[in-house]
Structure formats: C-alpha cells, structure tokens
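A.B. asks: Requesting a structural model of the entry that follows:
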Amino acid sequence: MGGYSYSPEEARSFRERHTRGRSAAEIFQAASMDPDFDPARIKTRECRASDVHPNPTPIIVGLDVTGSMDAVLRQIIDESLVDTINHIYEQKPVSSPQVMIMGIGDSTCDEAPLQMTQFEADIRILEQLKRLYVERGGGGNHGESYPLAWMAAAQMTSCDSLLENPPRKGYLFTIGDEPPLTDISAEEIREVFGPRFGLNGATAQQLYRAAARSFHVYHLIIEEGNYASHYPKETMKAWRRLIGRNAIGVADYREIAGVIVSIIQMVDGRKTLSEIDELWSGTSTQAVVRKALTGSVPALPEPEGLLRRIGRAISFKP
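C.D. replies: This next block holds a predicted model:
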C-alpha cells in the first residue's frame with residue numbers, strides 16, 4: 001500500500017468537508033468495527049517500496065478508544081492525530097513515511113479491542129481514520145489491551161524497510177491513559193486474531209519484545225485522560241516497569257504531534273534534545289515536548305538491559 005503522496009492541503013480540505021464544526025457522533029458514525037479493519041480477517045499489512053516511495057518507513061499510531069479517554073478522544077482523533085500526520089509529512093523526519101492507525105480497546109470485554117487500517121501515504125490515512133469504530137468501552141480492570149498492537153505489529157506486518165542493508169525499523173506509538181494489561185489469554189487472542197497463532201496466552205513483556213525486533217516502540221501516557229489524571233504515579237510506574245523510559249508522559253494532548261515527531265527525529269539521529277527544544281522555541285509545543293522527553297532516552301528505543309530482563313520474545317505458530 002501507500003503508492004501515492006500525502007498532501008497537507010488535501011488534508012485540510014478533507015477536514016473542512018467532513019469534520020470541522022461537527023460533533024464526535026457526526027464524525028465517527030460507525031456502530032461496529034469495519035470488517036476491513038478486523039485483525040481476524042486480515043492476513044498481513046504491507047509497507048512496500050515503490051517508484052514514488054523507494055525507501056518507505058512504517059509508522060503505526062495506536063489510539064486507546066475506550067471510555068476513560070472520552071473527554072479528549074474527539075479532539076485527539078480529529079485534531080492531534082491529523083496534526084501528527086501533517087507534521088510527519090511536512091517535516092519528513094524519516095524517508096517516505098507510510099502510516100497505519102490502530103484503535104485499541106479492552107480484550108476482556110470490548111466488541112472491537114483492536115482495529116487495523118492499511119499502511120497509506122496519502123489522504124486515505126484520514127479516510128480510514130474516520131471509519132474507525134469509537135467504541136468507548138473498557139472495563140474496570142485498571143488497564144487496556146495495548147499489547148495487542150504489539151502482537152499485530154510483530155506478526156501481521158510485512159515491511160520492505162527491514163530488507164534494506166542495514167535494515168531499518170519502523171515506529172510504533174500507542175497512546176492512552178491507562179496501564180497495560182499484562183496478560184492476554186488464549187481465548188482473547190483467538191477472539192481478536194482468529195486461530196492463526198495457536199498460543200496458550202501471552203504476556204505483555206513477550207509481545208513488547210516481539211514488536212521491538214521490527215519497530216521502535218513507545219507509549220504516550222495522556223495525563224489528561226480520566227485514569228491517568230486520577231492515578232498518575234501508578235500509571236507511569238506500570239509503563240516504566242514494562243518498557244522503561246520509552247513510556248513518555250504527555251501533559252497536553254494537543255501537543256501529541258510535536259512529541260511524536262520529536263521522538264522520531266531523535267531516534268533517527270537528526271536532532272539532539274537541545275536542537276528539538278530550539279525547533280519548537282516560542283510555541284506552546286516547546287514546554288510540553290521538553291517535559292515529555294527530559295529524562296527519557298528516545299535515542300535508545302529498546303534498552304538492552306530491559307530486553308534481557310523480560311526474557312525471550314514469544315514464539316508464534318508458523
């Protein structure tokens with residue numbers, strides 16, 4: 001996928017026609033998961049090289065669409081995510097970005113705990129985003145199924161960047177306000193993905209390591225979300241225990257775009273933290289990005305000590 005080019009002007013026109021001044025209910029009308037986004041029906045998601053995009057970089061953005069995010073969800077989907085996509089294509093922190101959006105819920109109780117769009121490099125990114133089922137579910141179990149995104153990225157993507165010499169990893173950002181559920185049962189895996197994996201359950205640690213083979217993996221904690229605003233220390237502690245300093249707090253959800261692009265620029269080696277700070281000088285983004293990245297180490301996307309501690313990656317059924 002991703003054979004065309006993204007145009008910020010076309011994106012602005014799309015928003016004017018489809019989302020500007022409309023309520024969340026008017027924008028996101030899906031009453032159930034689109035079959036095209038159902039992991040159980042998807043064989044693989046491809047990020048391929050083409051004449052237009054000879055060196056594609058896969059970027060996955062997975063958003064928590066459960067009830068605890070409801071107060072900020074409409075603004076994040078319609079504004080922050082669109083701004084993120086615009087920033088990626090305008091600033092070009094990596095070559096030929098191709099973007100997939102995921103919707104993340106709770107595999108213990110939701111109808112659609114994971115949704116996966118295609119990798120795209122044009123206005124179809126936003127067209128698919130509008131088709132997401134915003135379930136607003138989740139349970140009272142102090143967590144969401146963010147590790148499902150890691151499983152899908154590890155096992156259901158095929159990216160040409162990994163065939164380059166040397167191989168280049170993609171980027172995987174999950175965004176939400178709750179801790180990760182630490183265990184996914186065999187029944188939950190079958191419900192989400194079908195019988196393909198043949199697993200007797202999996203831990204979040206195993207799935208993180210599997211995804212980190214092919215992607216730089218980060219989680220952005222939305223501090224204004226309902227859960228994180230009530231339990232900030234517990235939320236950060238749970239994430240840091242799992243993925244170390246790749247868990248990053250975001251004080252203002254409106255600045256998600258700046259945080260994501262800044263991380264990519266640092267990991268790709270194009271900018272230092274001081275250069276990032278200067279890049280956003282005089283804007284509202286500067287303070288949020290500075291706070292988010294100070295004390296984090298985005299240039300070390302999967303700390304070796306952490307990976308040794310959580311053990312080997314899970315073995316999937318061929």
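A.B. asks: so residue 248, which of the three states?
C.D. replies: strand (DSSP: H, G, I helix; E, B strand; the rest coil).
A.B. asks: For it, give the beta-bridge partners.
C.D. replies: Following DSSP bridges, residue 248 is listed with bridge partners residue 220.
A.B. asks: how much space is there between it and residue 148?
C.D. replies: Note on residue 248: its distance to residue 148, by Cβ to Cβ, to the nearest Å, is 20 Å. For the C-beta atoms, the positions are set from N, CA and C on the backbone; glycine is no exception.
A.B. asks: Show me which of those two is the more surrounded one.
C.D. replies: residue 148 (30 against 23; other Cβ atoms under 10 Å).
A.B. asks: Which helix or which strand is home to that one?
C.D. replies: Using DSSP states H and E, residue 148 maps to helix 147-155.
A.B. asks: Same question for the helix or strand following that helix: list its buried residues.
C.D. replies: Downstream of helix 147-155, the first helix or strand assigned by DSSP H and E is strand 157-159. If you call a residue buried by 16 or more other Cβ atoms under 10 Å, then strand 157-159 has these buried ones: 157, 159.
A.B. asks: for stretch 189-204, same thing?
C.D. replies: Neighbour-count burial for stretch 189-204 flags 189, 191-193, 196-197, 199, 202-204 (criterion: 16+ other Cβ under 10 Å).
A.B. asks: Likewise for stretch 232-245?
C.D. replies: 235-236, 238-239, 241-245.
A.B. asks: Out of these, the closest to residue 97 would be?
C.D. replies: The shortest gap between residue 97 and any of those belongs to residue 243, at 22.5 Å (Cβ to Cβ).
A.B. asks: Distance check, that closest one against residue 232.
C.D. replies: 17 Å.
A.B. asks: residue ranges for the strands of the stretch 201-318 of the chain, please.
C.D. replies: Assigned by DSSP state E, counting those that start in this stretch, the stretch 201-318 of the chain shows strands spanning 202-203, 215-222, 247-250.
A.B. asks: which one of these has the most crowded surroundings?
C.D. replies: Between the strands of the stretch 201-318 of the chain, strand 215-222 has the highest mean count of neighbours, a mean of 25, where neighbours are mean count of other Cβ atoms under 10 Å.
A.B. asks: Packing partners of that strand?
C.D. replies: Contacting strand 215-222 under the criterion 3 or more Cβ pairs under 8 Å, 6 or more residues apart in numbering; DSSP states H and E are the following elements: strand 57-64, strand 170-176, helix 232-243, strand 247-250, helix 256-267.
A.B. asks: Show me where the protein dips below the pLDDT cut-off.
C.D. replies: Within the chain, the ranges that satisfy pLDDT under 70 run 1-4, 297-318.
A.B. asks: now the helices for it?
C.D. replies: 8-18, 24-27, 70-75, 81-91, 124-130, 147-155, 186-193, 204-212, 226-230, 232-243, 256-267, 273-279, 284-293, 304-310 (DSSP state H).
A.B. asks: Sweet, I'm off.
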